[in-house]
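Q: sharing a sequence plus its predicted fold:
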Amino acid sequence: MGVSIEDIKKLKELSGIGLTDAKTALVEAGGDFDKALEVLRKKGVTKAEKKGDREAREGLIDSYVHGGRIGVIVEVNCETDFVARTDGFKSFAHEIALQIASMSPIYVSEADIPAAELERVRNEAKERIVTEGKKPADMIDKIVDGQVKKHFAEKVLMQQEYIKNDKQTVEDFVKENIAKTGENLIIRQFKRIELGVND
């Protein structure tokens, strides 16, 4: 089956391989561009597969504006420029921007919560439970842990329920996409702006 020179050039550009290898992959895939990409991934000849380290410094910045009232800008990283340019990765980054616009998290992960804020919430929860005096002393710390986790569940992006599937968290969604791309994916930072609302 004949393959077009445009597809060969596109595959070469996306994967960083030579023209001959790109043509061979397309011929093997019967001219199907997506299958050819998959063939290359399996053979490990793309730049993405050649990288040995798992540091995620490539990626993109995505933005989303909802009705002119809510704006989000988010940095999502992957390991290679190859993956950063795929439609799947772009779609993933956009889904994260939609999540942030919809659910207005404050932190990316639990590790981003300032120690002072964590301590404040913990102390308030403990004081409330002790004042009520209805819980056994040996259970207080466990109850406090649960209340602190619940307090931050909606404020931490990775712990939020994913808006398009309430059976998974955003963290599950990220892991699902790590499995799809075969690369480490990181939501590095975000900013959410709402008209008339200051941080």
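A: Good, I have the coordinates.

Q: C-alpha from now on. contacts and neighbour counts both.
A: Will do.

Q: list the buried residues in the one helix or strand K126 maps to.
A: In this structure, K126 is located in helix 115-132 according to DSSP states H and E. By neighbour count with 16 or more other C-alpha atoms under 10 Å, helix 115-132 contains the buried residues 121-122, 125-126, 129.

Q: per-domain residue ranges of this structure.
A: Structurally, the chain divides into domains by automatic domain parsing as follows: 5-50, 58-109+155-194, 114-153.

Q: distance from the helix holding K126 to the middle of the chain?
A: Relative to its chain's centre, helix 115-132 lies at 31 Å (C-alpha atoms, centre = their mean, to the nearest Å).

Q: state the mean pLDDT of it.
A: Averaging pLDDT along helix 115-132 gives 87.

Q: nearest to I106, of the buried residues of helix 115-132?
A: Using C-alpha to C-alpha, V121 comes nearest to I106 of the buried residues of helix 115-132, at 15.0 Å.

Q: surely that closest one meets V148?
A: Yes - between V121 and V148 a contact is recorded at 6.5 Å, counting by C-alpha atoms under 8 Å.

Q: circling back: neighbouring contacts of the helix holding K126?
A: Here helix 115-132 makes contact (C-alpha atoms under 8 Å, 6 or more residues apart in numbering) with 135, 140-141, 144-145, 147-148.

Q: tell me the first helix or strand C-terminal of that helix.
A: Sequence order places helix 140-153 as the next helix or strand after helix 115-132, per DSSP H and E.
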